[in-house]
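Novice: okay, predicted coordinates and the sequence, questions at the end:
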Amino acid sequence: MIKVFILEDHQMVIEGIRSLLEGEKEIEWMGYAKLPSALLEMLPHKQPDILLMDINLPEKSGLDLCVEIKTAYPAMYIIALSIANQPSIIKKMMENGASGYLLKDATKNEIMAALHQVSKGKEYISFSVATALKNTAPKATLPILTKREKEVLELIAEGLNNSEIANKLFLSVTTVDSHRKNMLTKFSVKNTAALVKLAVSNGMI
């Protein structure tokens, strides 16, 4: 029996994954958390075999959280579940300890294959993710930003700091910082100035 838990802040995604897995005899659905803090409060008391985890999360980046969880619970396997198909994000997540990477449009067969493969201590990358990794065309590697990331990026370009952006978008400063870090990783740049320059040069803002 593979115990599965999901960290995801969108209820529709949670319900979709649960409906796919709950009828499977070899899968034990342990539940879900919408916030990293809720997950971290649970883990000292019970751990899943596999954690399905979104990368764009409130409170902190899934990239950072992956390292934190694998450091504290090395026996737990993590499978990233994301809309991001940028090679830089995929590689960083795997480097940070994830054992698998699925896009949110993954089929039931892909999800089940990932769970079985990862539960055996092996890595799993879906076909669409593998294709993204192999695609080296410049246009294909340009990041796809979420609506919120684009809003944050536009305000960064206007010169606002994290606190000012948080007030303007009614977000926490930590959440804004998480979006900023995710975008730095997506664009494979080291600082905000380089991020804005690259986004402007590619007509993204």
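Specialist: The structure has been received and is ready for your questions.
Novice: look at the residue positioned nearest the centre of the chain and give its secondary structure.
Specialist: Note on the chain: the residue nearest the mean C-alpha position is Ile55, at 1.5 Å, using C-alpha atoms, centre = their mean. Under DSSP: H, G, I helix; E, B strand; the rest coil, the three-state class of Ile55 is coil.
Novice: that one against Ala80, yeah?
Specialist: Yes - using C-beta atoms under 8 Å, Ile55 is in contact with Ala80, at 5.9 Å. Where C-beta positions appear, they are placed from N, C-alpha and C, glycine not excepted.
Novice: give the residues shared as contacts by the two.
Specialist: Taking C-beta atoms under 8 Å, 6 or more residues apart in numbering as the criterion, Ile55 and Ala80 both touch 62, 93.
Novice: tell me if I am right that Ile78 is in a helix.
Specialist: No - per three-state DSSP, Ile78 lies outside any helix segment and is strand.
Novice: any idea how many residues pack against it?
Specialist: 26 (other C-beta atoms under 10 Å).
Novice: check Val173 too.
Specialist: Neighbours around Val173, by other C-beta under 10 Å: 14.
Novice: ok, the residue nearest to it when sequence neighbours are not counted - contacts?
Specialist: With sequence-adjacent residues excluded and distances taken as C-beta to C-beta, 6 or more residues apart in numbering, Val173 is closest to Ala166, at 4.6 Å. With contacts defined as C-beta under 8 Å, 6+ apart, Ala166 is in contact with 172-173, 175-176.
Novice: for Ala166, helix, strand, or coil?
Specialist: helix.
Novice: pLDDT at it, what is it?
Specialist: pLDDT recorded at Ala166 is 95.
Novice: and it, how far from Ile55?
Specialist: According to C-beta to C-beta, to the nearest Å, Ala166 stands 20 Å off from Ile55.
Novice: try Asn167
Specialist: As judged by C-beta to C-beta, Asn167 and Ile55 stand 25 Å apart.
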